[in-house]
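# Fold the following for me, if possible:
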Amino acid sequence: MRLGKILIVDGSNLLHRQLCQPHLWTLEHGGKKTGAVFGFFRSLLVILSKYPAYYPIVIFDKGRSARRLALYPNYKQKDDKKTEKEEKPGFMSKLPTGEDYLKELYRQGDIIQLLLHKFKVPTIVMRGWEGDDIMAITSRMVEDGIIITDDRDMYQLLSKNVQIYRSTQDEVVRLQDTEDPLYLNNRSYVVHKCIVGD
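Predicted structure coming up:
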């Protein structure tokens, strides 16, 4: 069975982007932070108005990939890679990191998922699965799909049936418009990312 016009929304990426905005981090209601919830739905409404003919499915991470951890126990461990803050001096320097950030990520993420359920927006979350893997599977099932993400790793999912919309750049990426031959072969893209240490 093939799905029709589908928006595959990278919920985890969208949530992280809201938490990384200083003006949203400080937004509160009733003594609790609400900025990520507000920002998430504001962004989602803009995306839905841009693509009214498409049906949204929002996908979230639920822990690290069990199969990757079985292959490599240090997968996504802090000691095993530089953080974005170390790579880009000043990046997110005004925002809390560590426990405060994770606490809000999970708390506001749970609220967002609950509200999506109330609004009857399909949401996929699977324990031990990363959203990237679920998006890859979903993208293979669509006749006409648009992945909503700013994660350039998702370029490997470009196909004649799937394009990517990068909302922070207001940019649509299509396979046929991509000049870099790297994206024309999914395996080449993955090998390239491994070589450069991603």
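# Touching stretch 167-174 from outside, list them.
Stretch 167-174 is contacted from outside by 17, 43, 46-47, 146, 148, 150, 155, 158, 163-166, using Cβ atoms under 8 Å, 6 or more residues apart in numbering. In this view, the C-beta of every residue, glycine as well, is placed from N, C-alpha and C.
# now do stretch 108-117
For stretch 108-117, contacts defined as Cβ under 8 Å, 6+ apart pick out 11-12, 15, 19, 33-37, 40-41, 58, 60, 123, 125.
# just stretch 140-149 next, same as before
By Cβ under 8 Å, 6+ apart, the list of residues contacting stretch 140-149 from outside reads 1-10, 13-14, 47, 51, 54, 135, 138-139, 154, 157, 161-167, 172.
# What sits closest to Arg2 if chain neighbours are left out?
What sits nearest to Arg2 in space, not counting adjacent residues and going by Cβ to Cβ, 6 or more residues apart in numbering, is Glu143, at 4.9 Å.
# Kindly provide the distance from the most far-flung residue of the chain relative to its centre to Pro52.
Within the chain, the residue lying farthest from the chain centre (Cα atoms, centre = their mean) is Gly30, at 28.4 Å. In this view, Gly30 and Pro52 are 34 Å apart by Cβ to Cβ, to the nearest Å.
# Please apply the same query to Gly31.
Distance of Gly31 to Pro52, computed by Cβ to Cβ: 37 Å.
# How many neighbouring residues does the residue nearest to Arg2 have?
Residues lying near Glu143 (other Cβ atoms under 10 Å) number 11.
# where does it land in three-state SS?
Recorded secondary structure, Glu143: strand (DSSP: H, G, I helix; E, B strand; the rest coil).
# Need the pLDDT of it.
With respect to pLDDT, Glu143 scores 94.
# now swap in Trp129 and tell me
86.
# Over to Leu102?
Note on Leu102: pLDDT of 88.
# what's downstream of the helix or strand of the chain with the lowest mean pLDDT, the next helix or strand?
Least confident helix or strand, the chain: helix 84-87 with a mean of 44, by mean pLDDT, DSSP states H and E. Next helix or strand after helix 84-87 toward the C-terminus (DSSP states H and E): helix 99-118.
# partners of the helix or strand that that next one is followed by, with directions?
Per DSSP H and E, helix 99-118 leads on to strand 123-125 as the next helix or strand towards the C-terminus. The strands that strand 123-125 pairs with in its sheet are strand 55-60 (parallel) (by DSSP bridges).
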